[in-house]
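Novice: Quick one: sequence plus predicted model below, questions after.
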Amino acid sequence: MKELKEAIEKILIESNNFIEDKIKLESPIENMFHDQLFKYKGGKVKVVPQYSVKTISGTFRLDFVLESDGSFIGIECDGKEFHKDDWYDEWRDSLLLFSSGLKSIFRFKGKDIYYSIKDLVYIMARKEPTFFNMDMIERISPSINNEIKEIIEGTWDQVKKKFEFTDSSFDDKDILYQIEITWRNLKRSFDTFCYKEVLYSYIFPGKTIEELKNILSEKHYETEQLLKLFNDKYPENKIQNS
């Protein structure tokens with residue numbers, strides 16, 4: 001009796017969280033993705049929509065954050081109406097990774113969420129398995145294209161990855177699909193330019209990313225110069241060139 005009561009209470013709490021989260025969603029694409037995240041997440045993993053992170057250049061909201069035992073990954077669903085340019089996104093993600101406990105940020109295009117949502121969930125789960133129910137992921141594995149599996153199991157040495165594969169399941173016709181994923185990880189894909197973007201943000205605090213882009217275009221400092229400017233501005237937090 002006690003175990004049944006506890007199980008029902010847990011189900012009710014999860015149901016209430018699911019409904020409360022749905023209210024916060026801002027687009028049909030986010031609704032679709034939320035349902036899949038809730039279905040395939042690990043048992044104790046929290047799905048947090050519209051997660052705000054305060055940075056030196058402003059406060060930004062991630063469409064979703066998955067949280068597991070104090071570890072976080074962020075997810076952005078890039079619909080055309082909300083998507084800015086790639087440089088802006090890179091700068092924003094760099095600040096988010098440095099200003100929070102996020103391990104990774106995934107960016108998906110709206111069309112890929114609409115047409116290939118399970119492929120996206122599978123790719124995320126393979127790269128960040130601690131956030132997902134891998135038994136459930138294995139159940140969808142047979143439906144995932146082999147070309148995707150081969151790329152996922154190989155070395156992912158690019159921030160932006162394109163997956164191209166053919167699907168013959170529709171009227172026996174070969175249809176070419178292309179999925180584009182951006183995956184930024186503080187340890188694996190944080191290059192020198194991203195490092196410089198963060199330094200610019202702290203040397204010119206309070207500036208928006210658009211303003212910072214203009215500053216960088218006009219005043220292009222090398223990393224050593226940026227470090228000196230940073231150390232002069234924050235002498236109590238001096239850093240060495242790494």
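Specialist: Thanks, I have it. Keep in mind it's a predicted model, so treat the numbers as computed, not measured.

Novice: And the helices in this protein?
Specialist: Per DSSP state H, the chain carries helices over the ranges 2-24, 28-40, 86-98, 110-127, 134-140, 146-153, 192-203, 209-218, 223-233.

Novice: how about those, which one is nearest residue 62?
Specialist: Minimum separation from residue 62 across the helices of the chain (Cβ to Cβ) falls at helix 86-98, 7.1 Å. C-beta here means a position set from N, CA and C on the backbone, and glycine is covered the same way.

Novice: buried set for that closest one?
Specialist: Residues of helix 86-98 classed as buried by neighbour count (16 or more other Cβ atoms under 10 Å): 89, 90, 91, 92, 93, 94, 95, 96, 97, 98.

Novice: picking that back up, any chance of the helices of the chain in TSV, with mean pLDDT too?
Specialist: Below are the helices of the chain laid out as TSV (pLDDT from 0 to 100):
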stretch	mean pLDDT
helix 2-24	46
helix 28-40	90
helix 86-98	91
helix 110-127	91
helix 134-140	95
helix 146-153	81
helix 192-203	89
helix 209-218	95
helix 223-233	93
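
Novice: By residue count, which strand of this structure is the longest?
Specialist: strand 173-185 (DSSP state E).

Novice: what packs against it?
Specialist: For strand 173-185, the helices and strands in contact under the criterion 3 or more Cβ pairs under 8 Å, 6 or more residues apart in numbering; DSSP states H and E are helix 86-98, strand 102-109, helix 110-127, strand 160-170.

Novice: In a markdown table: these, plus distance to residue 42.
Specialist: Shown next, in a markdown table, are the helices and strands packed on strand 173-185 (distance: least, Cβ to Cβ, whole Å):
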| stretch | distance to residue 42 |
| --- | --- |
| helix 86-98 | 22 |
| strand 102-109 | 14 |
| helix 110-127 | 9 |
| strand 160-170 | 24 |
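
Novice: Burial-wise, tell me which of these comes out on top.
Specialist: Comparing these by mean neighbour count (mean count of other Cβ atoms under 10 Å), strand 102-109 comes out on top with a mean of 22.

Novice: Does anything pack onto it? Which helices or strands?
Specialist: Using 3+ Cβ pairs under 8 Å, 6+ apart: strand 102-109 touches strand 71-78, helix 86-98, helix 110-127, strand 173-185.

Novice: Figure out which of those is closest to residue 224.
Specialist: Taking these one by one with Cβ to Cβ, helix 86-98 is closest: 19.0 Å.

Novice: Apart from its chain neighbours, what residue comes closest to residue 210?
Specialist: Closest residue to residue 210 apart from its sequence neighbours, by Cβ to Cβ, 6 or more residues apart in numbering: residue 88 at 7.2 Å.
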